[in-house]
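Participant: Need a 3D model of the following:
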Amino acid sequence: MSRPGGPPQGARRLQVVTNSFKITGLPKKAYYQYDAFDDERVSQKSQSRRRIEIFERLQNHTQPGVFKPKVIYDSDAIAYSSTVLPFGNAATFDVNMSDRPPREGGGQSRGIFRVTLKRVDAAPITFEDLQRLLDGRTTQLTPRATVALNLIQLIVRQAPNLKYPNNVKAFFCREAGSRSLGGGLEIFKGYYQSVRPALRSLLVNIDTSCGVIYQEGPMPEVALSLLGTNHARSLNLDEGANLAKLRKFFKGVFVTFTHRKGKKKIESIIPRAGSAQFEWNKDKHEGVVQTTTVQAYFREAYNISLRYPDAVGVKIGGGSVVPIELCIVAPNQRFTRRLPPEMTKRMVEFTSDKPKARLEAIRRGIVGADAALDYASSPFVRDAELEVSTMPTVIDGKVLSTPPMQYNERSEPLIPKFGAWNAVNQQFSEPRSIRCWAVVDYSSGPYSRDAIQRCVKMIAGNCQKLAMPPSAPTYVAGNGSNVTQALMQAAQQATAGHNVAQPDLILVILPPSALEIRSQVKRHGDILHGVVTQCIRVDKAANANDQYCNNVAMKINAKLGGINAIPCAKVLVELRKRPFIIMGADVGHPAPGVHDQPSVATLVSSYDRNGMKYNAYTTIQPPRLETMDQLQSMARKAIDDFGSINQAAPGRIVFFRDGLSEGEYVKVAEKEIQDIKAAIDEIWKARNVNMPKPTLTFIVVGKRHHVRFFPQNERDADRSGNCPAGFVADQGIGNPIAKDYYLQSHGGLLGTSRPSHYIIIRDENFSDNVEVLQELSFALCHAYARATRSVSIPAPVYYADLVCGRASFHFDPELKYDDSSASVTSGKSTFNLDRWKSGFQGVHQNMTRKMFYM
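Facilitator: Prediction:
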């Protein structure tokens, strides 16, 4: 929402270009809504692309005279027309997806699909409510305005989404840039589009995007790329790991053929396809059926001698088998499963454009010979009489003053530059001593014990310099086949003579790839025995330098309950006048397609007077549930713990909520505000507290958006070409019905920086002073204890995300949490929350007042 006035004291103005483009005018005509489709064969959500193809065939080939102008289809179950369609209230069409005529007699052919259009008994869609919102005559996003906005969204996206592979919000095309990923996959660059209302303007947010696409071309080449070999004999497979890999990769992929027309979906991959036998009705008129092989069939029916009869084959609809050498992977098919880490890295490298290059790529998408967006030629945009500006919107923003960082109170505060600072010769604000500790080494291979000991001595030396002097450690050689035995032995030896059950720290040396060992170490330390563990990889340890060891020391101090540094911000000084809590919350979900594993809800809550130390609380809930199901009990526990530690009740609570999309945050936030208030009521009643209840500020922090800022003048950019750390935009592109702002709190590193979007749902602490909340958000972005630089989101939000990522350590290993290969993905009916709750265990009581998740 736009706000009057200049920048606050200490801030400076900065004019920036955004990747938002103004839409001129709204449609003057009304649109009519129709329910669409009536064919069960394409009713699943994953079949949207096939439904689009069928609907396009209907409009362009089957009944082109009915659909003038062309109808807009949402890929699911709704169509919109700018005229009343000429068939009355309803009509059913049979759409033949083949150029061949249907067979005479018999039932409905596999290639013929039934589309029913039925006029919805509702008022036509008009745009008056949306216009009132844009003009500032109302602050309510009414249902009619919402429908109108969603329709414009479809109008803008329709033409490119019909032409290119897409995920509805973004489309991908080779013309925008492509690169091979290997393993049978490619990356296509593309464009994201989202229509967004702002005060007195309607904007389309355009950003570069990318999608993973199946490599097109001869299927043997794609299969060999997946298997990582060039030898055709590698496709002569029997049952085994490689055949399973091919089946998983190609299931649902469309192929065309070298011997005939048509496109079919792969159902499975079968071994030794040439030898597969089937019953062939060679002469349909005589009705003679004979048993033959696939190899013999193709020789006799198509005069094709298979070059690789022992290679795998493709099973398609009706049980037919086609040898792989006759199959071609159809173009423009999206790969939607999770990429392995090495491919993700290659993808990031390819798509991380510097700000100047990113803005130029966006402009090329709108104007020029290869403009993939090309709104001017879209029949849907033209029919709606919309015009999209080819010039990006320019707005005024400001750069906030950077908070100095206070280490030891006897030293001068450090002033960050470009979002970072150097902690050399500093001592921690609140250091923790390491009285007894152990080193457990699970590494093996080429790295020497001397290199590992050198790294351990460097870490100990850095801890000493930072005012957390360690004693001499105990060394234990670990065995990856029995992880806990070495940890128990290390604890016993390190604590001998110290009269404690567990050492202050176990430093664990891991092999370069040791996910299973790390999981067992963390479960042992965090959950079962309550001992702080710090893992480092042996390859990192062998090449460790002073900065690396300093970063390890920072993690250790925070894990032990210390404070590394405190941002010196006026808003934090003001908060300290009364006891306060800062909370961060997030909900983590299972991997895409996994329905039989729970979502994980996490809350972190500060318990010290500076708002720098955070306890963590974790619960589980049904999969994909966005609302925190048990927030009331979690918030009560957090407030209770604060009271026990400080012997005082909080007067103020500031709650940062991560993980909500724009369509969810109002409904979810209102429910969660009620839960926090109910938790406060419970405690005040149970404890008979006779002081005022704490006031609440609830802010949603959004990261899943595509708004970007580009300095208009290069002299205003940081070294990476991005806006400087502390840039705030709260005018020109903000939400017209919400108090919100964008804050780019971190210095640029790789590519174009993404600001975080802050939506203020409720503010009972700062009198709706947005500038104070901006200062608080920016200060907390400097409080992340693992870094000597400001980060992109407030530290408590980051911490909640870290705790979500550790969910697997809480579960009985037999449940195989987060192991998608062990998950049933066919539907939600397999989920049993009680089973997961019985196998879930919270953190050990020793971890209270320790940030073990760092």
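Participant: Just give the closest residue to residue 126, not the sequence neighbours.
Facilitator: Of all residues not flanking residue 126 in the chain, residue 30 sits nearest, at 5.1 Å (C-beta to C-beta, 6 or more residues apart in numbering). In this view, the C-beta of every residue, glycine as well, is placed from N, C-alpha and C.
Participant: Same question for residue 17.
Facilitator: residue 710 (4.4 Å).
Participant: Repeat that for residue 783.
Facilitator: residue 795 (4.1 Å).
Participant: what number of residues lie near the one you found?
Facilitator: 27 (other C-beta atoms under 10 Å).
Participant: for the record, mean pLDDT for stretch 469-484?
Facilitator: Averaged across stretch 469-484, pLDDT comes to 94.
Participant: got it, and stretch 444-453?
Facilitator: 83.
Participant: Using neighbour counts, pick out the buried residues of it.
Facilitator: Neighbour counts over stretch 444-453 (16 or more other C-beta atoms under 10 Å) mark 447, 451-452 as buried.
Participant: helix/strand/coil for residue 55?
Facilitator: helix (DSSP: H, G, I helix; E, B strand; the rest coil).
Participant: Not including adjacent chain positions, what is the nearest residue to it?
Facilitator: Nearest residue to residue 55, sequence neighbours excluded (C-beta to C-beta, 6+ apart): residue 73, at 4.6 Å.
Participant: Pull the contacting residues for the one you found.
Facilitator: 36, 51-52, 55, 79, 158 (C-beta atoms under 8 Å, 6 or more residues apart in numbering).
Participant: residues near residue 574, how many?
Facilitator: Using other C-beta under 10 Å, residue 574 is surrounded by 16 other residues.
Participant: To what extent is residue 512 buried, counted in neighbours?
Facilitator: For residue 512, using other C-beta under 10 Å, the count is 11.
Participant: same thing with the one 3 residues further on?
Facilitator: Using other C-beta under 10 Å, residue 515 has 9 neighbouring residues.
Participant: what's the answer for the one 3 residues further on, then?
Facilitator: Other residues near residue 518 number 18, with proximity taken as other C-beta under 10 Å.
Participant: I figured it was touching residue 536, is that so?
Facilitator: No - with contact defined as C-beta atoms under 8 Å, residue 518 does not reach residue 536; the gap is 10.5 Å.
Participant: For the two, list the residues in contact with both.
Facilitator: 508, 510.
Participant: Just read off the phi/psi values of residue 194.
Facilitator: phi -150, psi 120 (degrees, to the nearest 10).
Participant: Name the residues linked to it by a beta bridge.
Facilitator: residue 205 (DSSP bridges).
Participant: List the residues that contact it.
Facilitator: 153, 169, 204-205, 706.
Participant: Which of the residues you listed are buried? Put it as a ChimeraX command.
Facilitator: In ChimeraX, a selection of the buried entries from the contacts of residue 194 looks like this (16+ other C-beta under 10 Å):
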select :153,204,205,706
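Participant: Report the two of the contacts of residue 194 separated the most.
Facilitator: 153 and 706 (13.7 Å; C-beta to C-beta).
Participant: Tell me how many other residues crowd residue 292.
Facilitator: 18.
Participant: Leaving out chain neighbours, which residue sits closest to it?
Facilitator: Residue 292 sits nearest to residue 280 (C-beta to C-beta, 6+ apart), 4.9 Å away.
Participant: Partner strands of the helix or strand that contains that neighbour, with direction?
Facilitator: Assessed by DSSP states H and E, residue 280 sits inside strand 277-283. Within its sheet, strand 277-283 is paired with strand 288-293 (antiparallel), according to DSSP bridges.
Participant: Need the residues that contact the strand it pairs with.
Facilitator: 274-282, 300.
Participant: Would you mark the buried spots in that strand?
Facilitator: 292-293.
Participant: Same check on stretch 122-140?
Facilitator: 125-127, 129-131, 133-134.
Participant: among these, which are in helices?
Facilitator: Judged by DSSP state H, the subset of these located in helices is 129-131, 133-134.
Participant: Make a markdown table from these and add distance to residue 238 to it.
Facilitator: Shown next, in a markdown table, are these (distance: C-beta to C-beta, whole Å):
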| residue | distance to residue 238 |
| --- | --- |
| 129 | 64 |
| 130 | 61 |
| 131 | 66 |
| 133 | 64 |
| 134 | 64 |
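Participant: so where is the stretch 501-650 of the chain shaky, pLDDT-wise?
Facilitator: Residues of the stretch 501-650 of the chain meeting the criterion pLDDT under 70: none.
Participant: Okay, helices next: where are they in the stretch 451-600 of the chain?
Facilitator: Counting by DSSP state H, counting those that start in this stretch, the stretch 451-600 of the chain has helices at residues 483-495, 515-522, 538-542, 546-559, 570-575.
Participant: what helices or strands is the shortest one leaning on?
Facilitator: Using 3 or more C-beta pairs under 8 Å, 6 or more residues apart in numbering; DSSP states H and E as the contact definition, the elements that helix 538-542 packs against are helix 449-465, strand 505-510.
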